[in-house]
Structure formats: C-alpha cells, structure tokens
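S.K.: Below: sequence and its predicted model.
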Amino acid sequence: MSSSWNVDAYRSVSLSECHWKLCREFMTRYRHLYPEEQTVALAQIFANAQLLLRGDADQTTRLVLDLAREQPSAEVKLEVDGIEKLVKREDVPDERELDSVVVKAEQIDESEKDYNAELSSTHEDSTVESSTIGPPSAKQRKTDQGEPETDTTTTILAGLTPFKPVETLRNIEDVYCNLVIVDNDFEKTCREFQRLHSGSIQSVQQTWDEGHCSSKIFVDQIVLVEGWSKTESLAKKKALAAFFKKMKVFCYQIVSKKPSHLPENQIARTEDPTTNSKHYKSIMKRFVKDSIEHELVFSEEFSEAERDKLQRIAIKLDLKTCIVESSTNPQLKVIGQPLPALAIVERIVVQKDPELGALYEVIAPSVRARVEVADST
C-alpha cells in the first residue's frame, strides 16, 4: 500500500481553512494504514465530526458547545462514545489512535484564531444544545447484520418488571433508573447504558480564562456531575470521582466474580436438523432467553452439512458461532450474548438466579433501591 501520495492535492477552495486543517491532519497521520481514496473519505468524516463538536454553524444546525458562564472563547474538547462507535463502523483507527488526532486551539495559527473568534462571537448570546450521535438503532443493526430474526437485547429489556428501563429520559431520576455501574469501570458503564438506546453518556472538557479547566459528564441535556481544576486531566479525574460517588448513591452496581468454571450445555443429536430444524431452533431460542454468555456445544454426532444448518439458525438469532476441532469430528459452539446489566440485576435481585449469582455481585444504591438485595452471607 503506497503512502507517498500528495495530501495537499486534495485541498479545495470550497473547504474552510478549519475544515482543511482537520482533513490534512488525519490524512497525514493515517495514509500509511489505508488506501488513498478510503483515507480521504475517512478524513472528511473525521473533520465533519470535529466541526460538529466545535459548534461550527456552517457545518451543522445542531450545536454542541456549552457556552454557559458567558465564556464564548472557551476551548472545548468533547468525547462522545457514540461518535467513536460510528467512526469505528467506517473502519477508521481505534479509539486510542483517534484520540491522538484531536486538534486543540493552540495548534491553530493566527488566521485560524481570527476565524474561531468570529465564529464564537456569532453564538455568544445563544443557548446551545448538545448533539449526540449515538449507536445504531435496532432497525439499523438488523439491516447491517443481515436482518437477524429478533433483537434479543430489546426483547430481554421489554420483559423486565421493576428494572424495566425508561425509554425517554426527561430528568436525572430517569438516568438513575437506567444506569448500572459495571465493575466500577466508566467505559463498561457507558457501553451498558448505550445498549438501552435511551441516550449516551458524554464527557466534555473546557479550558476557561485564567487557567481554569472544567470537566462535565452528562446525558443529552442532563448534567450528572462537574469537576474543576488547573488542568483538563485533573478536572476529568475529579469529574469521574464525583460521577462514581454520586451514582453509587442512586444506582445499582454489579461486580464480576471469578467463578471456577462457566456452565456448558452439551446438545446431543436427537433429531435430524435438516428435517426438523424447529427442534434445534427452539433450543437456541431458550438459550438466547436464558443466556449468561456461556456456551451451547453441539456434539460430534452432527455432520458438516448439519452443522452448517445449525450455524445458519444461530446467525438468524444474532448469535456468535465457532467450530471447535476435536479428535473425531469438529463441534459447533454457539456463544451466548451478554445480558444487559439491568437484566442481570433483576434476575439476581428478584428471581434469585443461582447461575448469575455465581458470576456477579449486586450492590444496591444507598437510596432509592427498587428492591432490596438479599444478604449473601
């Protein structure tokens, strides 16, 4: 793959100086990883996303900068998990690589500073909304993945009772209902929250005048916590600490245990899959409903053609599969999907599920516990 092509050849007079600088930065850093045309296309996606986050009115009608405290010149860096996921689906570098391409205000020359100052003054007196590019909807995922038969996560969540998630978040109380802290890990917690398709947890860092920096964690327009310090990194640490401290008061937690072994279900060949596929389809459907990410293993009795048939059934149910070699005949292994965090909480707290109880510990919030967690001691 050649990386000697001229990046500047793609400079267009129709692009603003701000847009071009972002495109050029991306192409220069990643042209050795992808073909020329793909790199150029990805650079446009990256530049548009960054301009969206910086609140350029010529690029988007929905602004995302928070111009509170009448500080229009504040430097802002927004981190949105949904946007990172969107870019991943277009095969750009991973999160760690993408983070290194964020262009800050101090990297822009004087002419660009004048452009930004003019842009900021345009919105000085306006109320600015937060824009979220979230994960794909259930309908979009079906299209991308070949129309799976059911959206199992949606089905599982719809069957919950005291822990059924709020579909439309109107206030911070709704966020408390949907949020489950997973292993005291911010990224895991954000991913689980996004699986509900009700919103995206975002973090924004701002540098104000006189060396003050802030970090805010929020969902849509609902601010959860805010931290202040002399640097962005310290402000972010304070915001994260405040996030966990506050959420543990109002939200459930799950903590993964280390079981000695995971359950494994062996399926014998009691029916011919080519003539009675409904039998194995019902087995897999029950597995989807009860799955806790363990494995469904079909015995060595199944032929290659039968394994192919079973594999097609699993794919339609949106399940992952793999073939395991053995001494006699390969085996088909179907891997269960991880349960949503809210479903784990309900099955342990309400249904007293022994298998899930062996894998996770549930900790109730200090206040607002919907169901008291039984003492396991």
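M.R.: Great, that's in hand.
S.K.: Could you check how far Q206 is from K236?
M.R.: According to C-beta to C-beta, to the nearest Å, Q206 and K236 sit 11 Å apart. Placement of C-beta: from N, CA and C, glycine included.
S.K.: what sits in contact with each of these two?
M.R.: Residues touching both Q206 and K236 by C-beta atoms under 8 Å, 6 or more residues apart in numbering: S215.
S.K.: just to confirm, which helix or strand has A241 in it?
M.R.: helix 232-250 (DSSP states H and E).
S.K.: Using CSV, list the CA coordinates for that helix.
M.R.: Output in CSV follows, covering the C-alpha atoms of helix 232-250 (Å, rounded to 0.1, in the frame of the first residue of the first chain):
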residue,chain,number,x,y,z
GLU,A,232,-8.1,19.2,31.8
SER,A,233,-6.7,15.8,33.0
LEU,A,234,-7.1,16.7,36.7
ALA,A,235,-10.6,18.2,36.0
LYS,A,236,-11.6,14.9,34.3
LYS,A,237,-10.3,12.8,37.2
LYS,A,238,-12.3,14.9,39.6
ALA,A,239,-15.4,14.6,37.4
LEU,A,240,-15.0,10.8,37.2
ALA,A,241,-14.6,10.5,41.0
ALA,A,242,-17.7,12.6,41.5
PHE,A,243,-19.6,10.5,39.0
PHE,A,244,-18.9,7.2,40.8
LYS,A,245,-19.6,8.8,44.2
LYS,A,246,-22.9,10.2,43.2
MET,A,247,-24.1,7.3,41.0
LYS,A,248,-23.4,4.8,43.8
VAL,A,249,-25.9,6.7,46.0
PHE,A,250,-28.7,6.4,43.4
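S.K.: What are the contacting residues of it?
M.R.: 77, 176, 179, 181, 184, 186, 203, 205, 207, 213-217, 224-229, 363, 365-368.
S.K.: Report the mean per-residue pLDDT for it.
M.R.: Helix 232-250 comes out with an average pLDDT of 94.
S.K.: From here on, call the first residue 12.
M.R.: Got it, first residue is 12 now, which makes that one helix 243-261.
S.K.: Any buried residues in that helix, and which?
M.R.: Going by neighbour count (16 or more other C-beta atoms under 10 Å), the buried part of helix 243-261 is 243, 246-247, 249-251, 253-255, 258-259, 261.
S.K.: hang on, the earlier thing: mind listing which of the contacts of helix 243-261 are in helices?
M.R.: 187, 197 (DSSP state H).
S.K.: hmm, which of the contacts of helix 243-261 are the buried ones?
M.R.: 88, 187, 190, 192, 197, 214, 216, 218, 224-228, 235-238, 240, 374, 376.
S.K.: Domain map for the chain?
M.R.: 12-88+96-145, 147-163+269-370+379-388, 176-261 (automatic domain parsing).
S.K.: Mind checking what helix or strand follows the helix holding A252 in sequence?
M.R.: strand 263-267.
S.K.: what about the strands in the chain?
M.R.: Counting by DSSP state E, the chain has these strands, from start to end: 86-91, 191-193, 212-218, 224-230, 233-240, 263-267, 275-278, 306-309, 331-335, 342-346, 371-374.
S.K.: check contacts around F204.
M.R.: 189-191, 210-212, 230.
S.K.: Nearest to V18 among the residues you listed?
M.R.: S211 (32.4 Å; C-beta to C-beta).
S.K.: Isn't that closest one up against Q205?
M.R.: Yes - contact status for S211 versus Q205: in contact at 5.8 Å, counting by C-beta atoms under 8 Å.
S.K.: Out of those two, name the residue with the larger neighbour count.
M.R.: S211 (21 against 17; other C-beta atoms under 10 Å).
S.K.: for the stretch 62-211 of the chain, what are the low-confidence residue spans?
M.R.: 63-162 (pLDDT under 70).
S.K.: what pairs with the closest residue to H223 other than its chain neighbours across the strands?
M.R.: Excluding its sequence neighbours, the residue lying closest to H223 (C-beta to C-beta, 6 or more residues apart in numbering) is W239, at 6.5 Å. Beta-bridge partners for W239, by DSSP bridges, are S225.
S.K.: so what's the closest residue in space to Q61 that isn't next to it in sequence up against?
M.R.: Using C-beta to C-beta, 6+ apart and skipping residues adjacent in sequence, the residue nearest Q61 is L33, 5.2 Å away. Listed by C-beta under 8 Å, 6+ apart, the contact partners of L33 are 54, 57-58, 61-62, 114.
S.K.: and I359, how many residues sit next to it?
M.R.: The tally of other residues near I359 (other C-beta under 10 Å) stands at 25.
S.K.: ditto for H43
M.R.: Neighbour tally, H43, other C-beta under 10 Å: 11.
S.K.: shouldn't I183 be in contact with D231?
M.R.: No - using C-beta under 8 Å as the test, I183 is too far from D231 to be in contact (10.9 Å).
S.K.: who has more neighbours, those two?
M.R.: In this view I183 and D231 are compared by other C-beta under 10 Å, and D231 has more residues nearby, 18 against 15.
S.K.: unless I'm mixing things up, that one is touching G210, no?
M.R.: Yes - under the criterion of C-beta under 8 Å, D231 makes contact with G210 at 5.3 Å.
S.K.: Noted, bye for now.
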